[in-house]
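Asker: One predicted model, sequence on top.
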Amino acid sequence: MTDRPPRGLLLHLAGPLQSWGTHSKYTRRDTARFPTRSGIVGILAAALGRARQAPLDDLTKLSMTVRVDRPGLVLSDFHTVGGGLPADETVITVDGKHRPEGKGTLVSKRQYLADAAFTLALTSDDQTLLHTCAAALRDPHWPLFLGRRSCPPEGPILLDCAEDPLRHLLQLPLAAKRPRNGPQPIDFYSDRPLDALPINSDTPDKGDGDHHSGEVTDEPISFAPLTRQYRPRPLYRRAVHLPNATYGGLGTGYLKTLQSYIDTHFATAERSTR
């Protein structure tokens, strides 16, 4: 008897800009090349209407696997903060005081991903949690953004709640044009070994994803403004060649292909359980 595949949520994250910080502090704001666990947990918490001080234990139990549809380009922004404000409204220092007059303007270097697109699977054995998160993503309590408030998504984030989401993660249309030189390996990132990806024999890949390729400090402990805490977690990567038919193109062509897939695979049995 085989184990039943986990149920999970399928998300699509795309927009003009995204930013998923992993080492951001003060005036330097970096971005990872893929959505972070802290960023995704933050999206769920915002959708659920949770205060920043609220516990995150249930949300951090969700496992996350990311498919990189389009890696995008790293964009660096020369950014100033706090200029032209009166003394009692300037940027607050680490000891809780306002910066003195004449020193209120800070230069901040910020990174973004431009024109990137990702498809995600969030899996869990907690069906109630999955349905609660799905309902919140359909009707979020607070506006959702892709890592920073200045990065709104280009459309709805939730694709659906599905059985065997990792299988769908391999089959859902890619938000990308088919490469002229033939299919290129598509990167998958996860917090768990990627040997569980149901790879077909006709989709050869690089490595088995069974060994983590490093660590990333993006496991949130608390989002409380003055006591934000994160811990490291292993990062697993696997590069897979997907069939030509998986490339859905861009713009309306991609949206039509995606909608056709959703109507075919999710519109009946799986949606009837919502």
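Answerer: Arrived safely.

Asker: Apart from its chain neighbours, what residue comes closest to residue 185?
Answerer: Spatial nearest neighbour of residue 185, chain neighbours left out: residue 239 (3.8 Å); criterion: C-beta to C-beta, 6 or more residues apart in numbering. The way it works is simple: take the backbone N, C-alpha and C, and place the C-beta from them, glycine included.

Asker: So which residue is dead centre in the protein?
Answerer: residue 35 (3.5 Å; C-alpha atoms, centre = their mean).

Asker: any idea how far it is from residue 248?
Answerer: The gap separating residue 35 from residue 248 is 19 Å, by C-beta to C-beta, to the nearest Å.

Asker: Mind listing the strands the helix or strand the residue nearest to residue 185 falls within pairs with, and their directions?
Answerer: Using DSSP states H and E, residue 239 maps to strand 236-240. As defined by DSSP bridges, the strand partners of strand 236-240 come to strand 186-190 (antiparallel), strand 205-206 (antiparallel).

Asker: Can you tell me which of these is most buried?
Answerer: Of those, the one with the most neighbours on average (mean count of other C-beta atoms under 10 Å) is strand 186-190, at a mean of 23.

Asker: How far does that one sit from its chain's centre?
Answerer: When distances are taken as C-alpha atoms, centre = their mean, to the nearest Å, strand 186-190 is centred 12 Å away from the chain's centroid.

Asker: ok, now stretch 225-235?
Answerer: The mean C-alpha position of stretch 225-235 is separated from the chain mean by 16 Å, C-alpha atoms, centre = their mean.

Asker: List the buried residues in that stretch.
Answerer: 230, 235 (16 or more other C-beta atoms under 10 Å).

Asker: If you count contacts, what does the longest helix along the chain end up packed against?
Answerer: Ranked by number of residues, the top helix in the chain under DSSP state H is helix 251-265. Under the contact definition 3 or more C-beta pairs under 8 Å, 6 or more residues apart in numbering; DSSP states H and E, helix 251-265 sits against strand 158-163.

Asker: re the thing from before, for the strand holding residue 239, what is the average pLDDT?
Answerer: In this model, strand 236-240 carries a mean pLDDT of 92.

Asker: Keeping just the C-alphas, turn it into CSV.
Answerer: What follows is strand 236-240 as a C-alpha-only set of coordinates in CSV (Å, rounded to 0.1, in the frame of the first residue of the first chain):
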residue,chain,number,x,y,z
TYR,A,236,17.0,21.7,-1.5
ARG,A,237,17.4,22.4,-5.3
ARG,A,238,16.6,20.3,-8.3
ALA,A,239,16.8,21.3,-12.0
VAL,A,240,14.3,19.5,-14.2
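
Asker: isn't residue 121 right up against residue 6?
Answerer: No: with contact taken as C-beta atoms under 8 Å, residue 121 and residue 6 are classed as non-touching, separated by 9.0 Å.

Asker: Got the confidence number for residue 156?
Answerer: As predicted, residue 156 sits at a pLDDT of 93.

Asker: Mind checking what secondary structure it has?
Answerer: Using DSSP: H, G, I helix; E, B strand; the rest coil, the three-state assignment for residue 156 comes out as coil.

Asker: Quick one: residues contacting it.
Answerer: Residue 156 sits next to 12, 137-138 when contact means C-beta atoms under 8 Å, 6 or more residues apart in numbering.

Asker: my guess is residue 247 contacts residue 175, does it?
Answerer: No: the criterion here is C-beta under 8 Å, and residue 247 misses it with residue 175 at 9.1 Å.

Asker: circling back: ok, so what distance separates the residue nearest to the centre of the chain from residue 15?
Answerer: 12 Å.

Asker: any common contacting residues for the two?
Answerer: Shared contacts of residue 35 and residue 15, counting by C-beta under 8 Å, 6+ apart, come down to residue 146.

Asker: so where does residue 109 fall, helix or strand?
Answerer: Per DSSP H and E: strand 106-114 holds residue 109.

Asker: Can you spell out which helices and strands pack onto the next helix or strand after that strand?
Answerer: Remark: after strand 106-114, the chain's next helix or strand is strand 117-124, criterion DSSP H and E. Where contact means 3+ C-beta pairs under 8 Å, 6+ apart, strand 117-124 is packed against strand 7-14, strand 63-70, helix 127-138, helix 165-171.
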